[in-house]
Each structure stands twice: as structure tokens, then as C-alpha cells.
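In: could you look at this predicted model? Sequence included:
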Number of protein chains: 2
Amino acid sequence: MFPSKTYIERRYQLKKTLKSGLVIFPGNAESPMNYADNWYPFMQDSSFLYYTGINGIPNLYFLIDIDNDRDILFGNDATPEEMVWTGAAAPMADLAAKSGITSVKVVNELEAYVRQKKQKGQQIHYLSPYRADTKIRLAELLGIKLAEVDKNKSVNLIKAIVAQREIKSDEELVEIEKAVNTTVAMHTHAIKNTRPGRTELQIAGELQSIAIGGGGNIAFPIILTKNGQYLHVHATQNTLSEGDLVLCDCGAENAMGYTGDMTRTFPAGKKFNALQRNVYDIVLNAHNSAVAALKPGVHYKDLHLLAAKKLVEGLTDMGMMKGNADDAVAAGAHTLFFQCGLGHMMGLDIHDMENLGEHYVGYTPDLKKSTEFGLKSLRLGKALKENFVVTVEPGLYFNPFLIDAWRAEGKYTDFVNYDELEKMKNFGGIRVEEDFAITASGSRLLGKPLAKTPEAIEELKNS
Amino acid sequence: MFPSKTYIERRYQLKKTLKSGLVIFPGNAESPMNYADNWYPFMQDSSFLYYTGINGIPNLYFLIDIDNDRDILFGNDATPEEMVWTGAAAPMADLAAKSGITSVKVVNELEAYVRQKKQKGQQIHYLSPYRADTKIRLAELLGIKLAEVDKNKSVNLIKAIVAQREIKSDEELVEIEKAVNTTVAMHTHAIKNTRPGRTELQIAGELQSIAIGGGGNIAFPIILTKNGQYLHVHATQNTLSEGDLVLCDCGAENAMGYTGDMTRTFPAGKKFNALQRNVYDIVLNAHNSAVAALKPGVHYKDLHLLAAKKLVEGLTDMGMMKGNADDAVAAGAHTLFFQCGLGHMMGLDIHDMENLGEHYVGYTPDLKKSTEFGLKSLRLGKALKENFVVTVEPGLYFNPFLIDAWRAEGKYTDFVNYDELEKMKNFGGIRVEEDFAITASGSRLLGKPLAKTPEAIEELKNS
């Protein structure tokens, strides 16, 4: 937890922006696996965490009553009988004090409090919930129907939060860098310990143990797969073989909830083959080109298109594409190989603030999110600002279903040499991803450097 | 997955018992962590799994239309664009065929199907949901209010499922034993790799990696703590020190969803001290006494009370309790040290079928669950049958809050020497847990034997 002044200042800014109303942050509850009391690891809501710093405790509510200038934590102290199960728990008053919150109430006072404010005509601000139980709790609390919960969300609150959370403070950058360094340790382990005969899950399990040992957990399900041609395939019981290309996309969340997110692609055996290396170099060139262009004022969408052009140029050199690269990108032909976005913001969430709505987080009224295949998966399009934290993660994915389907449709035949792609249908996919803080004049790589060139990866594998 | 005849036979038995109606098993959906598309590891509902065998795929519904003798899987095949993200997915028809299900429909036909059957007066059977999103889906599907979902659950369905799932078939025992053996590997690692200077989370992470490497995951959050005096304290960032006693309660779930659940308690350093060893021997004696008495016809509640008596006798020998052991147990004085139950059924759930209601699973109309402190946490009271699978897990927990509170209240002063307990307030807790299948004449330990005596544990630690 940061010093209380951090949270007091964050709340002060939020109040200043919103000016009036009652803001409700429902903390997350435990999430049941296969019966009510068998839970997944607890994860606190990131906006709750941002404004309170109180992590690891379910069933809390945090209210900011702007009109009466009061911050109130609603939570129940553990009873002696609960402590038979959970052990000593810090009193709510102590937690609140650490966060600079002066008022604490028990949860069953919450409904009456909110209803009274509502009756007095105070505006209620809350975010649209992403968990079903939160949706039910909000509907009950506000006395509205389930269907109305999302409709009545506060767009002003969303905009105010985005404006704060997108700019990372120095103390946040320190925490993010801790998470990235744990992520670097995970990748180092993956590169060194992947070899033919092991299963994807064996290695993925070891990576998760590193994230947990770091005091947090994984920030998202680990992608560690010889089927990197599919974008979100998690580790399976597949056994790796000599010649396989392994795509590993993983990240740690640290004890305070800050995240890291990196991808490396490496051979299951000791060396890349020539084809793998050629494709790798194309992706790495696209990656480096986009990174070199990171700076305040640049639209991230333009970096996405720059990376796409570099990918097309590389594929053209290899004979898989043809024609003018700019025209190919304008037409969307690159989306046969690069179906997703170049990256996203990162912070307390791995896709930072995705629950607030990507059109508010990554776009502006002047730059709306595209609905086209490819661009519609670009989570960030707007101009970068100093102290944004973003990932850069171009890739080439040779998806056999898509190749066959688009060939059958005759799609992009001006730009794609489908005959040349036949040999790529078992190739897999390659992605190179790192995390950057935007500085006044450019960007800064977060975390310790990790092998990135084919040579460095082979050297690390064989060290 | 078992051969299709297993699932066909299970469904046949269910239809025979229920005789009529439409049974709805909503499969689980993905469970969001911090935004809608960042998910916890998927866990299928255990009853859905029991009757279909289809694991690892969210958003399915399985219906058994008893009156028309039809089994229908409702699920959507992946679209080519979804396969950009998820890769090749088996068609629903193939999954259904493996389970012997002859009819497949897309999910948006579900509501009309159910509403039509309901209008024709067919009785709808479903289980009370334990996840909020399932509750919302059932309310929408049936056109009822959220508050009515639990009320309208089918008690006949619950009873029919319990009668089937509580008796484990030979092929289920093979799967359970696989999960228990992975659990044994986790404990072996924990005992060997716990030492002063490491954190609880470092070791817990390694145990999870073994469960994941086994092709499944952990069956419940890992308890690995120097604060074993509290019953459900998960691993934390605590660093272990020489002299600490470490309680590790963990279990694997295998690829088919079957579980293992074991506990060992061991020193952080190389050896138990004399006091730790004395208390350990009391718990082990209680454990062995209960295990020796396992057989069909015996009420598990009586085994719980037998273990409690053995614990009281041991504590009396040590001077911490006094008076007649039977009287102490009858009065509940043992609950100062043994606040929970002796064990539970185990199968596709770690507390098997807990979502169906413990009064249906562990008790009978003639033997109702007690509401007293201690016994109210005993999940299983009824008579054992051949092919039940149960855990046996007595323990002694020296909870300083409870000791202080009950001393202040003057509780059980006829049986407890509170002065002698002062030295125990930093002791911790000890539990010894194993899993057993009930046989015709007794019981069989599941999984490979694992060090259990203090001598064997010290030998394993120092091997």
C-alpha cells in the first residue's frame, strides 16, 4: 500500500472533477468455483484498489459522498468465530486509517445510507459491473432492475477515472516495474526450461509458481503453446517436440495489484530453423520500429499501422505478400497474419481499465474505435501522453482456418500469394511483447532487459 | 472422459429415479477476474460433468427430457473468427457423440424449448445455483424472479444425484486415485522443500505448479501456513523460521475433474521439537483410531466423536484438559481445540456435492445436522456405504482468540486447564488428513503412502 496521502490525493482529484454526487465503489466478493465456499483466488476491483489501496479483503464498499465531503468504508470486522477460520484480521478502522479514510460503517448500514441520499436527490455514480454478483448487489442496493444497472452507469465517473488512472505516477511505475521484473523471471525460466518432451502445462505451472512466489499471482491465464497461430490458446497437455515454436505470453500481478505483460517466442529445441528465424526477424523489426516511434502526441493507432506495414514489407520480401505495402495495409490485407491490435494500456489491470469501456479508455470522441476485422481488436488508438504505460506486441499468426477461408473467398488476392502460404499452415505464430512507460521525449523499457533477438534467445536457452 | 456407456448409464439411472420432467443442467460460464474477458481458470459444474463428461468448455446446457426420453446438448460451434482466438474446437456434435448424447442444438433455441415444455406442464428440475451468473441465466430462462430461483429447485433431483454420485464406481476410483497421487507428489515436495527463510507463497506456488503439470489444477486454494491454528488461512508472504510448524492442506484436481485432499504438518526446520511431537502424536492417534473404525454402516458422526475423544484423552495426558473424556466431548469442550469436522465426502468436488446442500449430502431425515459450534462444521454425519470416498482429518488448533474469549467467559472450566494453555497460544495447529474408499469390510487408503509419523516426516525432510 502507498502512503495514505496518495489515496487522499487521488480522491481529492476525483471529487474535484465530478463536483457533486455520491460515488459507490463496490469491492469484489469471493468468486465461487464449484460451490459457494470454494473460491478462486480473490482479486479486488482495480478502481476500488486505486482509490483505497485496500487489497485482499472481499465484501467491502467504498463510498465518496462528494456533496458532504465524506469518504466512507463499509465493511464488517471479523467476529471471533470467523477468526477460527481466517485468523487475526485487521479491524476496518485500521485499514481505513491507512488509506486516510476517516469514516467506517458496517455493511448493513449501506442500503439505508444510499437510499437516503438517493431520496434527497443526490446523483449516484457507479461503474458498470463486470461480475454478475456485483450487478445483483447494485440492483438491490439501488432498488432498480438488473437491466437498468448498466444503463444507469456514470459516464462522468468513467471519464474522470480514465483521466486519472491512465497517467501513472512515479510510485506506480516502481510497482509496475516490480511486476514486470517478475514477468521477466517467468520468461527467463520458460526459455531455459522448455525442451522437447515436456508438456505446455508443466512449464506454465512453473511460471505461475514464480508469479505466486513473487507475492502476487498471474495477471491473466498463461498462454504457452506450440499453437501460437491462435491468439488466446492457453497451455494444454500438448507435449512439445523438436522443431516446435513455442509462444509464451504471460505476466505477473504483484502484491499491490500492478501488472506486467510480456511475450517471447522460442524454439522447443535448441535452435530456430531458418524459416522460423526469418519470420521472427520480421516481427522483431516491426516491434523495434513501433518502439522507436513511441512518444507523447503520437496516436497509438498510427503505430499499429506502422507495425502492420513493417510486417507486410517483411512478408513481401519472403514472397508471401505482394504489391504496395501501404495499399495492402489500407485494404486490411495484413489482418490475414496480424488479426489483433499492437498493444494496450497496462496498470492495475493487464488491459488497463478494460471494464470501463475501451471507447472511453483507448479512444476519444474524435477518434472512434473501428469495427473492421483487425482494428476492432485494437484496444488503444488515441494519442499517447507522458506517463502512459503501454505494451507493444506485434505478431505474425499463420492461422490455417483463416488462410483456407479467405483463399476460398478470393479475399486480398492482389496482396496475398496464397500458394506460398501452403507451407505456413503448420508454422504457428510469433509475437514479441514488451512494456513501456512514455517519457517526455520517447519511451522507457520497463523491467530488466530480456533476450529478444534470435541469437540472444538461443544463447539463453543453451546457457 | 470415460466411455460413452458410463454417461448413458448414469443418465438412465437418473431418469429411472425421477420418472418424469425436464432436467436442466446449466454448464458453468467463464468467471471474470477484473473485467469481463479476463477469466479465472475455467471450472465446469460437477453435476454437468458427471452426466456428460464434457469438460473445459463454457456456455453449454445439458437437458434431459425424461418424458420424451431425449438428451440434448445445447452449445454453439466456434465460428471461423472465434477460431482466430481459440484455435480448432471440436464440433458440438462430436462432443455429444463421445458422451452418447444424440441431440445437439444451438444455445438460442434453449429458451423456446424450455418455455414450450413448461407451458405443456412438464415439471422442470434444476439445482440451486452457486454462481450469480447461473442464477441470472436460470431466472431469465424460466421467466421467474431471482428470488424464486432457489425456492423452485428440485429436491427430488438433489436426492437422485446424491444417491448416484456418493457411490464411486471403479473407474471413478481410478481417477480419484490419480488426483490423490498428484496430491501426494505436492506434499512430498512441500515437506522436502520447506525450510527457514522461504516464504509460504514460494512453496505454495511450487505445489500449484505440480497440480497444473499433472494436467489439472489445484482443487481448492492451498493452505500452507505457519498459522495452522486458524482453519482456512491460505499461504501468505510470511517468511518461515526455525521452530515454526507448517500446516499444508492441499489437493489436486485431475484433467477429468476428480480431486484429492490431504494435509501434513511438519517443521520448517529439520526436526519437530518435543512439544510439537507430543501434540502431533495425539492427532495421529486420533487419525489412526478413526481410520481403523471406517466401514460400511458406521455413522461418520460417531467417528468424529471417537476422534474427539482421542484428542481429549491426549490433551488430558498433557495436562491441558481434565475430567472424564466422554463427558468433555458430550459437553463440547473439545471444540476449543477441534473446531471443525473430522472430514467430508470427496469426488468431483473437494467437498463432494456441497452445492447440493450438506443436509442432503451428509445427513438424513433421521440424522439432522447439528447447529452446535463444532458439529455444525461436520459436513458428513450419516452411515458410510461401500464405495463412499471420504477424508479423515482430525486436528488440534490452539487459537489464541478463542482461548482468551472462552477463558474470559469461564467456559468449560471443568474440562480445560486454561493456565496450561498460555504456553500454547503461539503453538499453531496440527492436522493429519488422508483419503479413503470404503470397502465391503473396512477402508482402503487412496494414493501412494506418504510419510505420516514424525519420524518418517523428519526422514523425508532430511533425505
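Out: That came through fine.
In: where does chain A have its least confident helix or strand?
Out: Within chain A, no helix or strand scores below helix A:80-86, which has a mean of 82 by mean pLDDT, DSSP states H and E.
In: from the contact counts, what lies against that one?
Out: Applying 3 or more CB pairs under 8 Å, 6 or more residues apart in numbering or on different chains; DSSP states H and E, one finds that helix A:80-86 contacts helix B:400-409. Every residue, glycine included, has its C-beta placed from N, CA and C.
In: neighbours of the closest residue in space to A:Lys153 that isn't next to it in sequence, how many?
Out: Computed as CB to CB, 6 or more residues apart in numbering or on different chains, the closest residue to A:Lys153 that is not its neighbour in sequence is A:Ser128, at 4.2 Å. If you count neighbours by other CB atoms under 10 Å in any protein chain shown, A:Ser128 ends up with 19.
In: report the buried residues of the least confident helix or strand of chain A.
Out: By neighbour count with 16 or more other CB atoms under 10 Å in any protein chain shown, helix A:80-86 contains the buried residues A:83-84.
In: and that helix, how far from the chain's centre?
Out: Centroid displacement of helix A:80-86 relative to its chain, using CA atoms, centre = their mean, to the nearest Å, is 35 Å.
In: and what of stretch A:106-120?
Out: Relative to the centre of its chain, stretch A:106-120 is centred 34 Å away, using CA atoms, centre = their mean.
In: again, but for stretch A:417-424
Out: 33 Å.
In: follow-up on the earlier one: ok, the residue nearest to A:Lys153 - contacts?
Out: A:149-150, A:153, A:355, A:357 (CB atoms under 8 Å, 6 or more residues apart in numbering or on different chains).
In: show me what the helix or strand that the least confident helix or strand of chain A is followed by packs onto, helices and strands only.
Out: Next in sequence after helix A:80-86, counting helices and strands by DSSP states H and E, comes helix A:92-98. Applying 3+ CB pairs under 8 Å, 6+ apart, one finds that helix A:92-98 contacts strand A:70-74, strand A:103-105.
In: output helix A:92-98 as CSV - backbone C-alpha positions only.
Out: Taking C-alpha atoms only, helix A:92-98 is exported to CSV below (Å, rounded to 0.1, in the frame of the first residue of the first chain):
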residue,chain,number,x,y,z
MET,A,92,-11.8,-2.0,9.4
ALA,A,93,-10.9,1.2,11.2
ASP,A,94,-7.1,0.3,10.9
LEU,A,95,-7.5,-0.4,7.2
ALA,A,96,-9.4,2.8,6.7
ALA,A,97,-6.8,4.8,8.6
LYS,A,98,-4.0,3.5,6.4
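In: can you pull the buried residues of it?
Out: A:92, A:95-96, A:98.
In: could I get those as JSON lines with pLDDT and distance to A:Leu245?
Out: Shown next, in JSON lines, are those (pLDDT from 0 to 100; distance: CB to CB, whole Å):
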{"residue": "A:Met92", "pLDDT": "97", "distance to A:Leu245": "51"}
{"residue": "A:Leu95", "pLDDT": "97", "distance to A:Leu245": "47"}
{"residue": "A:Ala96", "pLDDT": "98", "distance to A:Leu245": "51"}
{"residue": "A:Lys98", "pLDDT": "98", "distance to A:Leu245": "47"}
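In: what sits closest to A:Phe427 if chain neighbours are left out?
Out: A:Phe398 (4.5 Å).
In: ok now do that neighbour, which residues does it touch?
Out: A:Phe398 touches A:229, A:337, A:421, A:424-425, A:427-429, counting by CB under 8 Å, 6+ apart.
In: just the element for the residue nearest to A:Lys153, please.
Out: According to DSSP H and E, A:Ser128 maps onto no helix or strand at all.
In: near chain B, which residues of the stretch 351-463 of chain A show up?
Out: Within the stretch 351-463 of chain A, the positions lying close to chain B (CB under 8 Å from any CB of the partner chain) are A:351, A:354-355, A:373, A:397, A:399, A:401-402, A:405.
In: among these, which two are most distant?
Out: A:Asn355 and A:Ala405 (32.3 Å; CB to CB).
In: higher neighbour count, those two?
Out: More crowded of A:Asn355 and A:Ala405, by other CB under 10 Å: A:Asn355, with 24 against 15.
In: any idea of the pLDDT on the more buried one?
Out: We have a pLDDT of 98 for A:Asn355.
In: give the bridge partners for the residue nearest to it when sequence neighbours are not counted, please.
Out: Closest residue to A:Asn355 apart from its sequence neighbours, by CB to CB, 6+ apart: B:Tyr35 at 3.8 Å. Per DSSP bridges, the residues bridged to B:Tyr35 are B:Asn38.
In: just to check, B:Tyr35 is in contact with A:Asp349?
Out: Yes: assessed by CB atoms under 8 Å, B:Tyr35 is found in contact with A:Asp349 at 6.2 Å.
In: residues shared between the contacts of those two?
Out: In contact with both B:Tyr35 and A:Asp349: A:Asn355, using CB under 8 Å, 6+ apart.
In: quick one, which of these two is more surrounded?
Out: It is A:Asp349, of B:Tyr35 and A:Asp349, that has more neighbours when counted by other CB under 10 Å, with 29 against 21.
In: gap between the two ends of stretch A:371-378?
Out: Distance across stretch A:371-378, first residue to last, is 10 Å (CA to CA, to the nearest Å).
In: check stretch A:124-131 too.
Out: Using CA to CA, the two ends of stretch A:124-131 sit 19 Å apart.
In: and stretch A:291-311, by the same measure?
Out: 14 Å.
In: next one: that stretch to chain centre, how far?
Out: That offset, for stretch A:291-311, works out to 19 Å (CA atoms, centre = their mean).
In: among the buried residues of helix A:92-98, which two are most distant?
Out: Longest distance between any two of the buried residues of helix A:92-98 is 10.9 Å, between A:Met92 and A:Lys98; criterion CB to CB.
In: what sits closest to A:Met345 if chain neighbours are left out?
Out: Excluding its sequence neighbours, the residue lying closest to A:Met345 (CB to CB, 6+ apart) is A:Asp352, at 4.0 Å.
In: now do the contacts for the one you found.
Out: A:Asp352 makes contact with A:165-166, A:344-346, A:361, A:389 under the criterion CB under 8 Å, 6+ apart.
In: what does A:Glu140 give?
Out: Contacts of A:Glu140 by CB under 8 Å, 6+ apart are A:Glu111.
In: go again with 7 Å.
Out: Applying CB atoms under 7 Å, 6 or more residues apart in numbering or on different chains to A:Glu140 gives no contacts.
In: thank you kindly, that will do.
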